[in-house]
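Participant: missing the sequence, but the structure's below:
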């Protein structure tokens, strides 16, 4: 006998925050009612409402990508190029993961008119942009040894140009219900903390007396991302290099991470800010080529009306 999509065996996971439990239910509903699929097994072999069956994904790789063959191709290309930074099973089968969300949210930018996309994004991100280019999903400058010598990467990256010539880029960390990495290994390693501290001091963008605060588990991952962005801004000869956390409007953890970082960091050429998925969808669905993408994205990720 099959389990109802809202059965506690499928949607209750010990340790889930209220936010994560709420959206796990939404993904279980989407799998069952929209995709018409039974629950898949997670990485521990446990049936979960937010996991797609492996055999169904093998038959149709677009299932976790708003059933878009174009988005599925983007994801597979990133797997091939990522050199191990992408969690393949989570990307292909976990409906709750932020990895497929990055593709589903920013996929419309690939192939979009660069001037129209810039006009739309500059309103959502509060940046001065005349045109965008080089949109990438899951990207980091190479070689890594020239920067942070770790696995830090940007979920989404694109470059832009202002009227009159100054160049910049936006590096985006995409969150859904997952928290920032606690970076336990870094907090336990004096050598690694010293490395990141030295980078921060060399950049002259941080309050040197407070850099140690940025190894707190609530902000450490975002700190590393901001460091990488600043190093790339200098190496790439950009005038601006901004970090954006794309998250749910009610994601208190993401808000806290941005607040903790900006309280210690100060550089107008490297502003760190938060923008909600809700606002991004409202902006990006104005692109004429996306069709009903906005409706599909809201149903998948944001609309709780069907689940109660």
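Facilitator: Everything's here; your move. Note that the structure is a prediction, hence the values are computed from the model and not measured. Residues are numbered from 1 along each chain as shown.
Participant: Tell me the secondary structure at residue 270.
Facilitator: coil (DSSP: H, G, I helix; E, B strand; the rest coil).
Participant: Confirm residue 172 sits in a helix?
Facilitator: No: assessed with three-state DSSP, residue 172 is strand; it does not lie in a helix.
Participant: Now do the nearest residue in space to residue 61 that is not next to it in sequence against residue 293, distance only.
Facilitator: Spatial nearest neighbour of residue 61, excluding adjacent residues (Cβ to Cβ, 6 or more residues apart in numbering): residue 72 at 4.6 Å. Just so you know, the C-beta spots here come from the backbone N, C-alpha and C atoms, and that holds for glycine as well. Note on residue 72: its distance to residue 293, by Cβ to Cβ, to the nearest Å, is 14 Å.
Participant: All the helices of the chain, in order from the start?
Facilitator: Ranges of helices within the chain are 8-11, 18-29, 54-59, 69-81, 88-93, 98-106, 114-125, 184-188, 190-203, 220-235, 252-262, 277-284, 293-301, based on DSSP state H.
Participant: Around the closest residue to residue 23 other than its chain neighbours, how many other residues sit close by?
Facilitator: Among residues not flanking residue 23 along the chain, residue 177 sits closest, at 4.8 Å (Cβ to Cβ, 6+ apart). Residues lying near residue 177 (other Cβ atoms under 10 Å) number 24.
Participant: One more: residue 189?
Facilitator: Residue 189: 12 surrounding residues under other Cβ under 10 Å.
Participant: Please apply the same query to residue 157.
Facilitator: With other Cβ under 10 Å as criterion, residue 157 counts 21.
Participant: which residues does the residue nearest to the spatial centre of the chain contact?
Facilitator: Residue closest to the mean C-alpha point of the chain, counted by Cα atoms, centre = their mean, is residue 174 at 1.6 Å. Residue 174 makes contacts with 98, 101, 102, 105, 106, 155, 156, 246, 247, as judged by Cβ atoms under 8 Å, 6 or more residues apart in numbering.
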